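Peer 1: Provided below for reference: sequence and predicted model.
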Amino acid sequence: MTTETTETSTPAPETRRFEAEVAQVLHLVTHSLYSHKEIFLRELVSNASDACDKLRFEAIGKPELLAGEGELRIEISHDRDARTLSIRDTGIGMDRDEVIANIGSIASSGTRRFLEALGEERKADARLIGQFGVGFYSAFVVADRVTVLTRRAGTPAEAGVKWESDGRGEYTLEPATLDSHGTTIVLQLKDGEDEFLEDWNLRSLVSKYSDHIAFPIRMPKEAKDGEAPEWETVNGASALWTRPKNEISDDDYRGFYKSLGHDFDDPAAWTHNRVEGSQSFTTLLYLPSQPPFDVLMGGRDERKGLKLYIKRVFVMDAAEELLPNYLRFVRGVVDADDLPLNVSREILQQNRQLERIKGACVKRVLDLIEKLSRDEPEKFAAFLKAFGNTLKEGIVEDPSNRERIAKLLRFASTRGGDAAQTVSLDDYIGRMAAGQDAIWYVTADSHAAAAGSPQLEAFRSKGIEVLLMSDRIDEWMVGHLHEYAGKPLRHVAKGELPLDEAEKKQQEEAAAAAAPLLERLKKLLDGKVGDVRVSARLTDSPACLALAEHEMAPHLARLLREAGQAVPESLPTLEINPAHALLQRISATEDGTQASDLATLLLEQAQLTAGAPLADPAAFVQRVNRLLAS
């Protein structure tokens, strides 16, 4: 079926230039995407499906919107002689302003990240298309001219719009009289793209990418000369999640995920459940195997939620209320039976039924991750590498599931040879040293900095394992994870170390013997430190910084300052190892200037190993040079 068009004589076609970012997208899409060219068909069909979804939802309150084209469907046809491919939908359509906003320009800052990602990682070309709302432009991979005919539902026939462009920087707009609402996209194929004029190939691509679209996708059967073509449905045209699980193959689930998530990779895992009772709903949730670019680059402010349906009627494309922010990487659909259809977004956020669905979704996702950790450790390790830091946000955001989330986390430790060898909190507890009653950890900017921290020396000498936390989020996260399985978590640099009676006596004797040195250092470092004391943490290093129990780690304080955040100022506590040769030299040095240089360098190297910035790097270099020269 084709859309009859009668173009009006006035006003004349208007020529406009694409916005700069659109022009960049078009250039990169047409010149950089060599693999998986057929992705354009998936994207255009997906957009058509979204348009049908939106019309079905709006028509609940305004049934008259369906007048003239009551059946929501998608049609794909081609003309071998004219070398054109057409994709038509009977969805919501667009008016002139919407055409300009949706095609001529892109307001979303996601487009800039798309350009950055495409420029940085050409190999991931196909995964990028669609994840930033720029799927329409993939048509120019195979077409040297694209025409869009569209009319918004509820508007008169003469309110149609014709958009046309060769993708080289300009497009034209003109009025068009269209018999029905919806959108038709006509692609004038480039030379060498004849495969997209083959009926069997188009049907194969629909089956591969779009079989699970919930609206019928129709193509014409071959007709005899003089006969009108007969249309037939070429996709399953049923919502996958509504079918019994025993009728759905793993390939079906994978295919639906790829269509849903605009992804070429298979999902890491999925869970499909139906809840019956006073409130009935169906969930189909997926864990991606690779992080979508919008999760990594969009961060917390631009996340996507689950697709929300009510009795198979599409309601919301990014229902953020259905999952907490720390699970924003999850893709899937929720189809509820008994949520009110006419609620606003604000009411949805306060709906008790929705809270119950959210709780069920969180439980299903955490169950799925736990199952992955038990049954497929290699997949689980890859999952944590991709989404571990995002999951850690749940320690802060979701206190009711804090213990479950902590159970899933993995950390490097002093027992491992490198950052890749990780341990769970349960495994750590299972091999705690005799008499140990706390989970010890250290935070730092990098794995090497954590592993080389001088505060670990006493723990190594006693054979106590320490977790090495080097992700930026760790210090913030562990500040809310006070204990796990009844064991407190303690930072090796914070507070006093637990000592037995013999160790306490030894510590007191060392402090008494070093009293003159401590007093001298306090005078030499007056105004730079809050206190100087003998350390129970050090065996080899000369000094380290010690923190109060609730004091912020220096490397985190530095990061917050760099981000423009206010950080409380405090003088550090310097712990020393009086047996070290450097401390003995300070004690024996009679030259006041040299003693001051040595004491200041002692403090500065302790600050550097703790990740704190130096207040005056130039003065530090001068001190080092003076001592080297002497």
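Peer 2: Noted; the coordinates are in hand. Note that the structure is predicted; figures quoted are calculated from it, not measured.
Peer 1: Pull stretch 238-246 out as CSV, backbone CA atoms only.
Peer 2: Provided in CSV are the C-alpha atoms of stretch 238-246 (Å, rounded to 0.1, in the frame of the first residue of the first chain):
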residue,chain,number,x,y,z
SER,A,238,3.4,-10.7,19.1
ALA,A,239,4.9,-9.4,22.3
LEU,A,240,7.5,-12.0,23.2
TRP,A,241,7.0,-11.5,26.9
THR,A,242,3.4,-12.5,26.8
ARG,A,243,4.2,-15.9,25.4
PRO,A,244,4.7,-19.0,27.6
LYS,A,245,8.4,-19.4,28.5
ASN,A,246,8.4,-23.0,27.2
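Peer 1: Can you check the pLDDT for Lys523?
Peer 2: Note on Lys523: pLDDT of 94.
Peer 1: Number the chain from 17, please
Peer 2: Sure, I'll start numbering at 17, so the last one becomes Lys539.
Peer 1: Following the chain onward from the lowest-mean-pLDDT helix or strand in the chain, which element is next?
Peer 2: None of the helices or strands of the chain scores lower by mean pLDDT, DSSP states H and E than helix 141-144, at a mean of 40. Stepping forward along the backbone from helix 141-144, the first helix or strand reached (DSSP states H and E) is strand 159-167.
Peer 1: pretty sure Ala155 contacts Leu203?
Peer 2: Yes. Checked against CB atoms under 8 Å, the pair Ala155 and Leu203 is within contact range at 5.6 Å. In this view, the C-beta of every residue, glycine as well, is placed from N, C-alpha and C.
Peer 1: list residues touching both of these two?
Peer 2: Val162 (CB atoms under 8 Å, 6 or more residues apart in numbering).
Peer 1: can you map out the strands along the stretch 317-466 of the chain?
Peer 2: All strands of the stretch 317-466 of the chain, identified by DSSP state E, counting those that start in this stretch, fall at 322-326, 329-335, 347-352, 426-429, 438-440, 455-459.
Peer 1: Mind putting those into CSV with mean pLDDT?
Peer 2: Supplementary listing: the strands of the stretch 317-466 of the chain in CSV, determined by pLDDT from 0 to 100:
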stretch, mean pLDDT
strand 322-326, 81
strand 329-335, 68
strand 347-352, 90
strand 426-429, 95
strand 438-440, 94
strand 455-459, 94
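Peer 1: So for Asp542, which of these sits nearest?
Peer 2: Taking CB to CB, strand 455-459 is the member of these nearest to Asp542, at 29.2 Å.
Peer 1: which helices and strands does the closest one pack with?
Peer 2: Packing contacts for strand 455-459, counted by 3 or more CB pairs under 8 Å, 6 or more residues apart in numbering; DSSP states H and E, involve helix 441-446, strand 483-485, helix 490-494, strand 503-507.
Peer 1: run the last query once more with 10 Å
Peer 2: Under the contact criterion of 3 or more CB pairs under 10 Å, 6 or more residues apart in numbering; DSSP states H and E, strand 455-459 touches strand 426-429, helix 441-446, helix 463-467, strand 483-485, helix 490-494, strand 503-507, helix 570-578.
Peer 1: Next, the angle strand 455-459 makes with the longest one.
Peer 2: In this case it means helix 570-578. 40 degrees (axes from the mean of the first three to the mean of the last three CA atoms, to 10 degrees).
Peer 1: which strands and helices sit next to the following helix or strand past helix 570-578?
Peer 2: Per DSSP H and E, helix 570-578 leads on to strand 589-592 as the next helix or strand towards the C-terminus. Using 3+ CB pairs under 10 Å, 6+ apart, the elements in contact with strand 589-592 are helix 531-540, strand 547-550, strand 559-562, helix 597-604, helix 608-626.
Peer 1: so what's the closest residue to Ala526 other than its chain neighbours up against?
Peer 2: Taking CB to CB, 6 or more residues apart in numbering as the measure, Ala526 lies nearest to Val550, with 5.0 Å between them; neighbours along the chain are not counted. Under the criterion of CB atoms under 10 Å, 6 or more residues apart in numbering, the contact list for Val550 reads 523-531, 533-534, 591-595, 599.
Peer 1: Buried members of those into ChimeraX, please.
Peer 2: Selecting in ChimeraX just the buried members of these, where the criterion is 16 or more other CB atoms under 10 Å, is done with this command:
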select :523,530,533,534,591,592,593,594,599
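Peer 1: circling back to that earlier point, tell me which of the helices and strands packed on strand 589-592 is the most buried.
Peer 2: Among these, strand 559-562 has the highest mean neighbour count (mean count of other CB atoms under 10 Å), at a mean of 25.
Peer 1: CA-only coordinates of that strand in CSV, if you can.
Peer 2: What follows is strand 559-562 as a C-alpha-only set of coordinates in CSV (Å, rounded to 0.1, in the frame of the first residue of the first chain):
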residue,chain,number,x,y,z
ALA,A,559,56.5,7.7,57.8
CYS,A,560,52.9,7.7,56.8
LEU,A,561,49.7,9.7,57.3
ALA,A,562,47.2,8.5,59.8
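Peer 1: Check which helices and strands it sits against.
Peer 2: Judged by 3+ CB pairs under 10 Å, 6+ apart, strand 559-562 is in contact with strand 547-550, strand 589-592, helix 608-626.
Peer 1: With respect to Val482, which of those lies nearest?
Peer 2: helix 608-626 (15.2 Å).
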